[in-house]
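Q: from the sequence below, what's the structure:
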Amino acid sequence: MVNVNTIGNRLIFAIGFMAMLTIGVSGVAVYNWETLDDHIEEIVTVNMPTLRSSYQLERNTAGLQAALNKISMNTDPIVHKELQQKITAKLQLINLAIKDTVSMEQYNAILATQKGLADTLSQYTQQLEQRNIQRNTLLQVENNIHWIHQDLINELPLLQQEVEWQLTRMLPNIIDTNAIIDVMTEFSLIQSITVKENELHQLAQEIILQHHSRDLSNAFYFIGYKIAEVQTMSEQLSHYPSTSTYREHLNDLIAIVAPNGQLEQQLRKDSEIYHAINQYEQDIQQRLARQEALIQKMVTNADASLIDLNDQTRNAIIISNLILLGAVCLSILMAIILSIYLVGRGIVKRLNTLGRHLHEVTKGNLNVEIQVTGNDEIGLIGESLRQFCLQMQEMERTNALNLINNTQASIITCDLAGHVESVNSSAQQLFKHQKDNAENMVVWQLFNSNIDSRLESLFHLLVHC
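A: The predicted model follows:
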């Protein structure tokens, strides 16, 4: 049967245990690095693209908002085209950034919002273009009203001069006082026409400025009332030849500002475009707000994932460091135990003890106590040395007995306590004792009573010295 409790097997077991401990430490280190690699890969493949995409979305959305603010205030057709192209470019960049979020939870919601936003922006820019055209048309109408108003103002002094001339002509030959009163009434009527026409012009200007917030039907109803007043007054002066040009200008003005006329049609069209643009702007802002909320949610999720990964990585590193520290401490402890107990006490100390015993044996001290024991190689050597000493002692005892038994002299051997160890045949004959009986006695019992007490005292003295 193979002895497993040998020094070689112990060393093999210790080395194997240290190797397994080293493998365990290496496994922990490999697991730690694999965990860190997985976390880094997740950061690189998931979190960083998310943050990059959200940054691109935020940046291009802000650029889109800035372009929308500019195009909403722009009236230049050339600049409008440039801003429209810029909006289209920003939308394309946003679409590219959205494609990078295909693996994310918010992808479908962002994509749906973006598709609706692109359609709304297309209609919005078209409405803005129509608004600019309509504003130019309305500006032309407003300028025409202003020019006709100036022409009317310029014509009224001529009419006033004609009435004054008629009054001057009638004064030297006053025949009919009623005719003079009619002329004076006409002169006052010209002043009233001037006031009413100015009121009509101011009312038209106010409606143009406030048409987005005013009820156009009521406003033009009041304009119709003003027109009727001016027309009634102007008809009373129609018999003057100089009023023909004035009436033409007045008819031109009435054709523009009358209810359902050119001005009302343009203002209603402009109001429709204005309200449509407001509706589109609200829709765009709502879509951008939803998209911003989705982007913010995406960034929040990415930040939370990074924080979670950071916590997991920190915990993994702490646990791995504790395991590695424990393994290192265990390795150091095992090394100390192996050095002290296995090598120091189990091998070196026992070999030193065995060496001292061998040295005593080589000097002839066969009575040395062999203290080395055990089932290993050193213990077997110690046991062999012990058996060797016993065999050598037995051989010496046998040789001494042979020498004692073969001599003619009477020889008795004993220990220091006086116990008889051997008695040769001559001594047996001399003291007339059997060998077995003599060896069970003390040496002073073999002699007569005259000297036995003195021998006993002598041996007691030797024992106590």
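Q: so in this protein, which helix runs the longest?
A: Ranked by residue count under DSSP state H, the longest helix found in the chain is helix 262-337.
Q: packing partners of it?
A: helix 7-42, helix 48-73, helix 107-170, helix 177-210, helix 216-235, helix 243-257 (3 or more CB pairs under 8 Å, 6 or more residues apart in numbering; DSSP states H and E). Quick note: C-beta positions are derived from backbone N, CA and C, even for glycine.
Q: what angle separates the fourth one from helix 262-337?
A: Put plainly, it is helix 177-210. Interaxial angle, helix 177-210 versus helix 262-337 (axes from the mean of the first three to the mean of the last three CA atoms, to 10 degrees): 20 degrees.
Q: Three-state assignment for Thr413, please.
A: strand (DSSP: H, G, I helix; E, B strand; the rest coil).
Q: the closest residue to Gly379 other than its chain neighbours is in what secondary structure piece?
A: If the residues on either side of it in the chain are set aside, Gly379 comes closest to Thr373, at 5.4 Å by CB to CB, 6 or more residues apart in numbering. For Thr373, there is no enclosing helix or strand under DSSP states H and E.
Q: read off the pLDDT value for the residue nearest the centre of the chain.
A: By CA atoms, centre = their mean, the chain has its centre lying nearest to Leu306, at 1.9 Å. pLDDT for Leu306: 75.
Q: please renumber so the chain begins at 17
A: Let's use 17 as the start, then, which means that last one is Leu322.
Q: and the gap between it and Trp460?
A: 103 Å (CB to CB, to the nearest Å).
Q: run through the stretch 267-416 of the chain and note the low-pLDDT ranges.
A: Within the stretch 267-416 of the chain, the ranges that satisfy pLDDT under 70 run 357-361, 416.
Q: let me fix that: the stretch 17-166 of the chain
A: 17-24, 26, 60-63, 119.
Q: residues near Trp181, how many?
A: 11 (other CB atoms under 10 Å).
Q: how near is it to Ser250?
A: Taking CB to CB, one finds Trp181 at 19 Å from Ser250.
Q: check Asp92 too.
A: From Asp92 to Ser250 the distance is 42 Å (CB to CB).
Q: over to Ala30?
A: Counting by CB to CB, the gap from Ala30 to Ser250 is 128 Å.
Q: between the two, tell me which one has more neighbours.
A: The residue with more neighbours, out of Ala30 and Ser250, is Ser250; 21 against 16, by other CB under 10 Å.
Q: the more buried one and Tyr262 touch, don't they?
A: Yes - Ser250 lies in contact with Tyr262 (CB atoms under 8 Å); the separation is 7.3 Å.
Q: coming back round to it: export the helices and strands packed on helix 278-353 to TSV and tack on distance to Ile110?
A: Below are the helices and strands packed on helix 278-353 laid out as TSV (distance: least, CB to CB, whole Å):
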stretch	distance to Ile110
helix 23-58	26
helix 64-89	5
helix 123-186	6
helix 193-226	38
helix 232-251	40
helix 259-273	46
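Q: list just the one of those that sits closest to Ile339.
A: Nearest of these to Ile339, taken as CB to CB: helix 23-58 at 4.8 Å.
Q: the closest one versus helix 278-353: what angle between them?
A: Going by the same axes, to 10 degrees, helix 23-58 makes 170 degrees with helix 278-353.
Q: and the angle for helix 23-58 with helix 64-89?
A: 10 degrees.
Q: which helices and strands sit right next to helix 23-58?
A: Helices and strands touching helix 23-58, by 3+ CB pairs under 8 Å, 6+ apart, are helix 278-353, helix 393-422.
Q: if you set the cut-off to 6 Å instead, what comes out?
A: helix 278-353 (3 or more CB pairs under 6 Å, 6 or more residues apart in numbering; DSSP states H and E).
Q: residues contacting Met34?
A: The contact partners of Met34, by CB atoms under 6 Å, 6 or more residues apart in numbering, come to none.
Q: any idea how far it lies from Ser355?
A: From Met34 to Ser355 the distance is 12 Å (CB to CB).
Q: again, but for Asn234
A: Taken as CB to CB, the span from Asn234 to Ser355 is 110 Å.
Q: these two: who's more crowded?
A: Ser355 (12 against 9).
Q: that one in helix, strand or coil?
A: With three-state DSSP as the criterion, Ser355 reads helix.
Q: how close does the residue nearest to Val388 when sequence neighbours are not counted sit to Phe404?
A: Counting by CB to CB, 6+ apart, Val388 lies nearest to Gly398, which is 3.1 Å off, once chain neighbours are set aside. Gly398 sits 10 Å away from Phe404, taking CB to CB as the criterion.
Q: okay, these two: which has more neighbours?
A: Gly398 (21 against 14).
Q: the more buried one contacts Val384, correct?
A: No - in this structure, Gly398 is not within contact of Val384 by CB atoms under 6 Å, at 11.5 Å.
Q: contacting residues for Asn174?
A: Check again: residue 174 is Leu, not Asn. Ser258.
Q: name the nearest residue to Ile397, sequence neighbours excluded.
A: Leu370 (6.3 Å).
Q: state the phi and psi torsions of the residue nearest to Gly395.
A: Backbone torsions of Thr389, given as degrees, to the nearest 10, read phi -130, psi 180.
Q: so Val436, which of the three states?
A: strand.
Q: separation between it and Cys430?
A: 5 Å.
Q: ok, now Leu325?
A: From Leu325 to Cys430 the distance is 92 Å (CB to CB).
Q: coming back round to it: which helix or strand contains the residue nearest to Ile397?
A: Going by DSSP H and E, Leu370 is in helix 366-378.
Q: returning to what we had before: what do Val436 and Cys430 both touch?
A: By CB under 6 Å, 6+ apart, the residues touching both Val436 and Cys430 are Val459.
Q: what about the two, which has more around it?
A: Per other CB under 10 Å, whichever of Val436 and Cys430 has more neighbours is Val436, with 21 against 18.
Q: please report how far the more buried one lies from Thr429.
A: 7 Å.
Q: repeat for Asn276
A: For Asn276, the distance to Thr429 - CB to CB - is 162 Å.
Q: quick one, which of the two is more surrounded?
A: Thr429 (17 against 10).
Q: distance check, the more buried one against Ala443.
A: 10 Å.
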